[in-house]
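Undergrad: A predicted structure for the sequence below; I have some questions about it.
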Amino acid sequence: MNVLITGGTGFIGQAFIKWRQPHGVNFTCITRNPKKAHKLFGGSVRAVTSLMEVDGEKFDAVINLCGEPIADRRWSEKRKQLLRYSRLTMTHALVDWMAMSDNKPGVFISGSAIGYYGTHASDDLLVEASAVRQGFTHSLCADWEEEAMRAADLGVRVCLLRTGVVLGNGGALKKMLPAFRMGLGGPIGHGKQWMSWIHLQDELRAIDFLLRHQTLQGAFNLTAPEASQNRSFAQSLGQALKRPAKLPLPPFVIELMLGDGAELLLEGQRVYPQRLMQAGFEFKYPELDEALADIF
């Protein structure tokens, strides 16, 4: 299988390439930093800097994981524009490239996020058809998905990855660990907000599942079946690290750090992977404690 991938040097993309590449999947990675790609993959993955370099080539699938990290820094207006630009521009370019190609891929798997639903302070269970709350995260993900879905008009099967917080050696956990390892971790604010998470291995397995099941298309929630409230997550992480985790982080600290982006951590949403489950996908790590035990 020949796969064109964006975001291949990121947390999820890098892990997916390293997992599937030894098993007969040939990757071509579009990246701004080919040297980084060569270093990460030991020269076993082809790295290009633009779609012009792959004009006329045949790929079985395109996996689109592009985008600046969503919660790495404070949301200024400039930052919001960058979050949109880094996702929408490449996605638009990929679909335009497919439209001009005589060798269209069989499937286009494109990133999104559970931010599509907006933040929800309630305990409502959100599935793919649930109502959304308007706001920046919804408009960002909705516009991102709309760009990707243009490929369906070309006869390409499109799957959208509404991904939650991915837990693994890196990503979100990497930012949490210093405080928790020092015994300074704990819930954020009141801790009642829901956190929809997924083990990195299940994220990779779900992408591969969608890649290979040719009848599946549309949006899929990539979250574990059992979301966790933030205070329960903090307790489980503390237990996994054998450290106390009782010091709450005041909301104003998160607001100072992330600005409007604080809503991601202070409100959250309780998301359920209904369509994946209906399609027969089986989670290897459906429960948080066993997911954290595996990681650590």
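TA: Happy to help now that I have it.

Undergrad: how about Ser50, nearest residue that isn't a chain neighbour?
TA: What sits nearest to Ser50 in space, not counting adjacent residues and going by C-beta to C-beta, 6 or more residues apart in numbering, is Ile30, at 7.2 Å. Every residue, glycine included, has its C-beta placed from N, CA and C.

Undergrad: let me see the contact set for that neighbour.
TA: Leu4, Ile5, Thr6, Gly8, Val48, Thr49, Ser50, Leu51, Val54, Met90 (C-beta atoms under 8 Å, 6 or more residues apart in numbering).

Undergrad: so the first one is in which element?
TA: Take DSSP states H and E as the rule and Leu4 turns out to sit in strand 2-6.

Undergrad: got the buried residues for that strand?
TA: Using 16 or more other C-beta atoms under 10 Å as the test for burial, strand 2-6 gives Val3, Leu4, Ile5, Thr6.

Undergrad: quick one: which of the contacts of Ile30 sit in strands?
TA: Leu4, Ile5, Thr6, Val48 (DSSP state E).

Undergrad: show me where the stretch 151-296 of the chain has its helices.
TA: Here the stretch 151-296 of the chain has its helices, by DSSP state H, counting those that start in this stretch, at 171-181, 200-212, 230-241, 251-258, 263-266, 274-278, 288-295.

Undergrad: repeat that for the stretch 1-150 of the chain.
TA: Under DSSP H, counting those that start in this stretch, the stretch 1-150 of the chain gives helices at 11-20, 34-41, 77-100, 136-149.

Undergrad: mean pLDDT lowest where, among those helices?
TA: Note on those: helix 34-41 shows the lowest mean pLDDT, a mean of 94.

Undergrad: residue contacts, Ala293?
TA: By C-beta under 8 Å, 6+ apart, the neighbours of Ala293 are Ala240.

Undergrad: what separation is there between Ser236 and Leu265?
TA: 17 Å (C-beta to C-beta, to the nearest Å).

Undergrad: if you count what's nearby, which of these two comes out ahead?
TA: Shown here are Ser236 and Leu265; by other C-beta atoms under 10 Å, Leu265 has more neighbours (21 against 18).

Undergrad: ok, that one touching Met257?
TA: No. The pair Leu265 / Met257 is not scored as a contact, 9.2 Å apart, by C-beta atoms under 8 Å.

Undergrad: pLDDT score for the closest residue to Asp289 other than its chain neighbours?
TA: Distances taken as C-beta to C-beta, 6+ apart place Ser236 nearest to Asp289, at 5.5 Å, with adjacent residues excluded. Model confidence at Ser236, given as pLDDT, is 97.

Undergrad: and Ser236, how far is that from Gly261?
TA: 24 Å.

Undergrad: repeat for Thr137
TA: 9 Å.

Undergrad: and what of Gly24?
TA: Taking C-beta to C-beta, one finds Gly24 at 40 Å from Gly261.

Undergrad: do the same with Leu200
TA: 23 Å.

Undergrad: same check, this time on Leu249
TA: For Leu249, the distance to Gly261 - C-beta to C-beta - is 15 Å.

Undergrad: neighbour count: those two, which is higher?
TA: Using other C-beta under 10 Å as the criterion, Leu249 and Gly261 rank with Gly261 on top: 23 against 19.

Undergrad: what sits against that one?
TA: Ile70, Ala71, Arg74, Trp75 are the contacts of Gly261 under C-beta under 8 Å, 6+ apart.

Undergrad: which residues touch the last one?
TA: With contact taken as C-beta under 8 Å, 6+ apart, Trp75 is in contact with Phe136, Leu258, Gly259, Asp260, Gly261.

Undergrad: which parts of stretch 213-228 are buried?
TA: Leu216, Gln217, Ala219, Phe220, Asn221, Leu222, Thr223, Ala224, Ala227, Ser228.

Undergrad: between all of those, which two are separated the most?
TA: Using C-beta to C-beta, the pair of the buried residues of stretch 213-228 lying farthest apart is Gln217 and Ser228, separated by 29.5 Å.

Undergrad: so which residue is dead centre in this protein?
TA: Thr163 (4.2 Å; C-alpha atoms, centre = their mean).

Undergrad: mind checking how far the residue nearest to that residue when sequence neighbours are not counted is from Ile109?
TA: Distances taken as C-beta to C-beta, 6+ apart put Leu222 closest to Thr163, at 4.4 Å, once the chain neighbours are dropped. Remark: distance between Leu222 and Ile109 (C-beta to C-beta) = 11 Å.
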